[in-house]
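Visitor: Please find the sequence and the predicted model below.
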Amino acid sequence: MWENFFGYVIDFERSVRLFSWHHYMLIGFAILAIFLPLQFSKNIYNSEYERKIRNIAFIWLLILEIIYHVHNWYNGVFSLPLHICSFAVIMNLALLKTNSQRIFEYVFFFGVLGGFMALMVPFSYGFPYYNIRYHHFILIHMTIIMIPLYYYRAYKFRVTRRATYKTFVMALLVAPVIYNLNLVLSTVSGDTVVNYWFITHIPEHVERIFGNHVLYLGVLVSLIYIAHMVLYKLSNRSSGAFQDVTD
């Protein structure tokens, strides 16, 4: 039992697949990760334990990120914190320690969009429900959604249109670096599936939809831009969706 839970077990029949009950459950967790901070952030902010709670969140998120890489390296799988959600983790950790509005502008998009998209269109590498990585996938992506939404709700941090474009452009500038780094790391590690940001290769779970790599990248960039603008609009409307959840 413990060997299966902590081991590197791959079982696609019992893992998250698109439009399976696992997938619908993760969609539910994505919605929950949005609702919870919008519902309870003010209570936490007004609590005398607010700083301790932020410190606990910092330790919790750091442990989750360490578990991911330790689990990979222990089982002989090449791993570096270069995925979009790893970027979001690092930014969230910095935000929790600094309460910086400037950091928030990046975390809001990398965390909320990265975590939400990961749960809505999951790619969990075939880890089954009886393995630690199945549950880790859910917890870490929920956390990187909840922290920036806490700052949005409790600290009333907001993103400007300029910050929205700046974050999108930054992602476009970093993407070619990640693309080529994937090629280098694939050669160095001997692992041909190094695919940080899922841009060097089409992920297996959507390969049937996109047969052409250029088409896949074009759709991916377009969806990310649209998602940025939708999130910006929702979060800045005077009667926006985020404000109306609990008011």
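Guide: Perfect, thanks for sending it.
Visitor: Helix, strand, or coil at the residue nearest the centre of the chain?
Guide: What sits nearest the mean C-alpha location of the chain, by CA atoms, centre = their mean, is Gly115, with 2.9 Å. Three-state assignment for Gly115 (DSSP: H, G, I helix; E, B strand; the rest coil): helix.
Visitor: which residues touch it?
Guide: 30, 33, 85, 88, 141-145 (CB atoms under 8 Å, 6 or more residues apart in numbering). Backbone N, C-alpha and C define where each C-beta goes, glycine included.
Visitor: Lowest pLDDT pick from those residues?
Guide: Among those, Cys85 carries the weakest pLDDT, at 94.
Visitor: wait, doesn't that one sit right on Leu113?
Guide: No: between Cys85 and Leu113 there is no contact under CB atoms under 8 Å: 10.1 Å.
Visitor: OK, contacts around Leu96?
Guide: Per CB under 8 Å, 6+ apart, neighbours of Leu96: 54-55, 57-58, 61, 147.
Visitor: My error: substitute Ser235 in the last question.
Guide: Taking CB under 8 Å, 6+ apart as the criterion, Ser235 is in contact with 108, 152, 158-159, 242.
Visitor: where's it, which helix or strand?
Guide: helix 213-236 (DSSP states H and E).
Visitor: Please tell me how far that helix is from the chain's geometric centre.
Guide: 15 Å (CA atoms, centre = their mean, to the nearest Å).
Visitor: Next: stretch 53-67.
Guide: With CA atoms, centre = their mean, you get 15 Å for stretch 53-67.
Visitor: tell me which residues of it are tucked away?
Guide: 54, 57-58, 61, 64-65 (16 or more other CB atoms under 10 Å).
Visitor: how about the nearest residue to Leu183, chain neighbours excluded?
Guide: Thr200 (6.5 Å; CB to CB, 6 or more residues apart in numbering).
Visitor: these two touch, right, that neighbour and Tyr179?
Guide: Yes: in terms of CB under 8 Å, Thr200 counts as a neighbour of Tyr179; the distance is 5.4 Å.
Visitor: between these two, who's got more neighbours?
Guide: Using other CB atoms under 10 Å as the criterion, Thr200 and Tyr179 rank with Thr200 on top: 19 against 15.
Visitor: What score does the more buried one have for pLDDT?
Guide: 91.
Visitor: where's it, which helix or strand?
Guide: Judged by DSSP H and E, Thr200 forms part of no helix or strand.
Visitor: Return the residues in contact with Gln101.
Guide: Phe157 are the contacts of Gln101 under CB under 8 Å, 6+ apart.
Visitor: what separates it from Leu93, distance-wise?
Guide: Shown here: Gln101 relative to Leu93, a distance of 16 Å by CB to CB, to the nearest Å.
Visitor: what packs against the longest helix seen in the chain?
Guide: Counting residues, the longest helix found in the chain (DSSP state H) is helix 161-189. With contacts taken as 3 or more CB pairs under 8 Å, 6 or more residues apart in numbering; DSSP states H and E, helix 161-189 sits against helix 101-120, helix 213-236.
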